[in-house]
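**Q** Got a predicted structure here, sequence first:
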Amino acid sequence: DAKTTQPTSMDCAEGRAANLPCNHSTISGNEYVYWYRQIHSQGPQYIIHGLKNNETNEMASLIITEDRKSSTLILPHATLRDTAVYYCIVRVVGNQFYFGTGTSLTVIP
Amino acid sequence: GAVVSQHPSRVICKSGTSVKIECRSLDFQATTMFWYRQFPKQSLMLMATSNEGSKATYEQGVEKDKFLINHASLTLSTLTVTSAHPEDSSFYICSARHGSTDTQYFGPGTRLTVL
């Protein structure tokens, strides 16, 4: 599975959109982009995933560039409860999930 | 939907004893479950892949005789840490693969402390 690169940490003001970038320049055609988040001392929570097209659900939006070498997770109106470590993972269907170091997002009041 | 539970949430044991952790998919069947370990301020490390009715597949460097995995049903996988030592103290997290979506859903984790 392709590797991903994420910023170590980010801050976002409460109520504003949080845009979390992920670089996956070696992604192959059959690899999906997944996003999970982990709030302190809890198991990771699934957020969203996509292959080529942009995706949106009740939690977030996923924007994947046309060349698929990077993506952005958007939390439209960040709240204090969105403070967590966000993991971007690239994987082929059926393969295991290998976690990188993720981005620690802090939502500031 | 897609809820995964773990039991116990916390366990403290003496060095040399064995500890069993259960992982259950509550509202879906999971032919494949996964076990992770997470040390403080580190990311999740995949330990093994558990397949229902067959032997688990362990990641490189994970001792299969120390971390016994059983996946006897489509909703239950267990991890037994045998002859636990203080260095086994960690946060153990399981996940279950939802067959129809291929998405993994994670349990809340088990905090193991070995004295």
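**A** That came in fine, so what should we check first? Please read all numbers here as calculations on a predicted model, not as lab measurements. Residues are numbered from 1 along each chain as shown, chains lettered A, B, ... in the order given.
**Q** Below-threshold pLDDT in the chain: ranges please.
**A** Here I'm looking at chain A. A:1-2 (pLDDT under 70).
**Q** hmm, I had chain B in mind actually
**A** B:1.
**Q** Look through it and state the residue closest to chain A.
**A** Per C-beta to the nearest C-beta, B:Phe106 is where chain B lies closest to chain A, at 3.7 Å. For every residue, glycine as well, the C-beta is placed using N, CA and C.
**Q** Please identify the residues of chain B in proximity to chain A?
**A** Residues of chain B that fall close to chain A, judged by C-beta under 8 Å from any C-beta of the partner chain: B:2, B:4, B:6, B:34, B:36, B:43-46, B:49, B:91, B:93, B:95, B:102-109, B:111.
**Q** Determine the number of other residues adjacent to the closest residue to the residue of chain B closest to chain A other than its chain neighbours.
**A** Closest residue to B:Phe106 apart from its sequence neighbours, by C-beta to C-beta, 6 or more residues apart in numbering or on different chains: A:Gly43 at 3.7 Å. A:Gly43: 22 surrounding residues under other C-beta atoms under 10 Å in any protein chain shown.
**Q** The closest residue to A:Pro7 other than its chain neighbours pairs with what?
**A** In space, A:Pro7 comes closest to A:Thr103 once its chain neighbours are excluded; the distance is 5.3 Å by C-beta to C-beta, 6+ apart. Taking DSSP bridges, one finds A:Tyr86 as the beta-bridge partners of A:Thr103.
**Q** do the same with B:Leu68
**A** Beta-bridge partners, per DSSP bridges, of B:Leu68: B:Thr80.
**Q** Go ahead and confirm it touches B:Leu79.
**A** Yes - with contact defined as C-beta atoms under 8 Å, B:Leu68 counts as touching B:Leu79 (7.3 Å).
**Q** who's more crowded, these two?
**A** B:Leu79 (25 against 16).
**Q** Might you report the residue contacts of that one?
**A** B:Leu79 is in contact with B:Lys20, B:Ile21, B:Cys23, B:Trp35, B:Met47, B:Phe67, B:Leu68, B:Ile69, B:Tyr92, B:Cys94, counting by C-beta atoms under 8 Å, 6 or more residues apart in numbering or on different chains.
**Q** go on, A:Ile64?
**A** A:Ile64 touches A:Val33, A:Gly50, A:Leu51, A:Lys52, A:Asn53, A:Asn54, A:Ser70, A:Ser71, counting by C-beta under 8 Å, 6+ apart.
**Q** The fourth one: neighbour count?
**A** Spelled out, it's A:Lys52. Quick note: A:Lys52 (other C-beta under 10 Å) scores 12 neighbours.
**Q** Which one of the residues in chain A is closest to chain B?
**A** Among the residues of chain A, A:Gly43 lies nearest to chain B; the distance is 3.7 Å by C-beta to the nearest C-beta.
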